[in-house]
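In: next one to model:
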Amino acid sequence: AHAAAAGAALRRGAAVRALEGSGSGWQARLEDGSRVEAREAFLATGKHDLRGWRRPPGRQPDLLGFKLHLRLSPQQARTLGRGVEIGLFPGGYAGLQPVEGGGANLCLLVRRGVFAALGGQWPALLAAITEACPHLDRRLSGATALWDRPLAIAAIPYGFVQRGSDGCWRLGDQAAVIPSFAGEGMSIALHSAHLAAACHLRGEDAAAFQQRLAGDVGALVARATLLSRLLVRPGGQALLLGAARALPFALS
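Out: I've put the predicted structure just below:
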């Protein structure tokens with residue numbers, strides 16, 4: 001609403017199929033065949049890449065992500081409250097937290113090879129997770145899935161940080177992909193947008209912006225990715241659980 005009030009033209013439901021340089025500016029080709037031209041292009045497609053603008057694989061690219069909304073039993077919903085719970089299982093980790101409308105969000109990451117060994121089937125994966133994590137099994141006891149099947153995403157480039165410039169202003173997950181458990185993805189997205197606007201208004205180019213953003217978030221993404229890599233390995237899980245028991249406040 002603020003953008004429209006300031007004179008921006010909003011096009012809803014207009015998928016971009018291609019983006020390319022055009023003279024001194026940019027040209028986006030839309031799904032209906034029409035084209036939009038601009039002096040600058042800001043790429044904010046989240047975890048999904050625009051064709052022709054694929055990001056490098058990052059430091060931890062072998063994970064599959066799943067997300068499912070459920071309605072917990074009244075007792076388990078009250079016990080969960082407003083908390084966020086993380087459960088570890090062989091080859092991955094899962095998070096459970098309340099969402100709007102009285103539901104709960106189950107999201108998890110699993111190594112591609114582990115999922116393949118389970119036949120590549122969601123029911124088999126969920127059964128393996130609840131068997132390995134009794135606490136999560138209790139939480140999901142009596143739960144009802146609100147979707148027919150979970151959302152899924154592959155080849156998430158965890159650990160990726162755009163340090164150079166391809167001429168496009170990359171925002172959010174197109175600029176830096178932090179493991180989801182860190183809870184910093186949205187704050188990085190908002191920071192990148194604020195910084196990009198400030199740099200653009202000062203007359204700086206995309207290269208200067210990407211360098212500044214990488215300096216702001218690079219170390220944070222690297223630390224979180226190291227922790228994520230430990231979370232999907234048996235030795236790493238044992239190490240982190242031992243540290244959590246010994247130093248619970250240091251890891252909270």
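
In: just list the residues touching the most centrally placed residue in the chain, thanks.
Out: Centroid check for the chain by Cα atoms, centre = their mean gives Ser180 as the closest residue, at 5.3 Å. For Ser180, the contacting residues are 65, 95, 107, 109, by Cβ atoms under 8 Å, 6 or more residues apart in numbering. Heads up, the C-betas are built off the backbone N, CA and C, glycines and all.

In: rerun that using 7 Å as the cut-off
Out: Cys107 (Cβ atoms under 7 Å, 6 or more residues apart in numbering).

In: that one and Phe66, how far apart?
Out: Distance of Ser180 to Phe66, given as Cβ to Cβ, to the nearest Å: 11 Å.

In: kindly report the same for Ala145.
Out: For Ala145, the distance to Phe66 - Cβ to Cβ - is 12 Å.

In: neighbour count for those two, which is higher?
Out: Neighbours were counted for Ala145 and for Phe66 using other Cβ atoms under 10 Å; Phe66 has more, 21 against 14.

In: who touches that one in this structure?
Out: Counting by Cβ under 7 Å, 6+ apart, the residues that Phe66 touches are 107-108, 150, 152.

In: which one of the residues you listed sits in the busiest neighbourhood?
Out: Leu108 (24 neighbours).

In: the helix or strand hosting it - contacts with which helices or strands?
Out: According to DSSP states H and E, Leu108 maps onto strand 104-111. The helices and strands touching strand 104-111, judged by 3 or more Cβ pairs under 7 Å, 6 or more residues apart in numbering; DSSP states H and E, are strand 63-71, strand 92-98.

In: coming back round to it: retrieve the pLDDT associated with the residue nearest to the centre of the chain.
Out: Ser180 carries a pLDDT value of 86.

In: now the helices for the stretch 101-250 of the chain?
Out: 112-117, 122-132, 134-140, 185-201, 206-231, 234-246 (DSSP state H, counting those that start in this stretch).

In: by contact count, what packs against the first one?
Out: Counting contacts by 3+ Cβ pairs under 7 Å, 6+ apart, there are no secondary-structure elements packed against helix 112-117.
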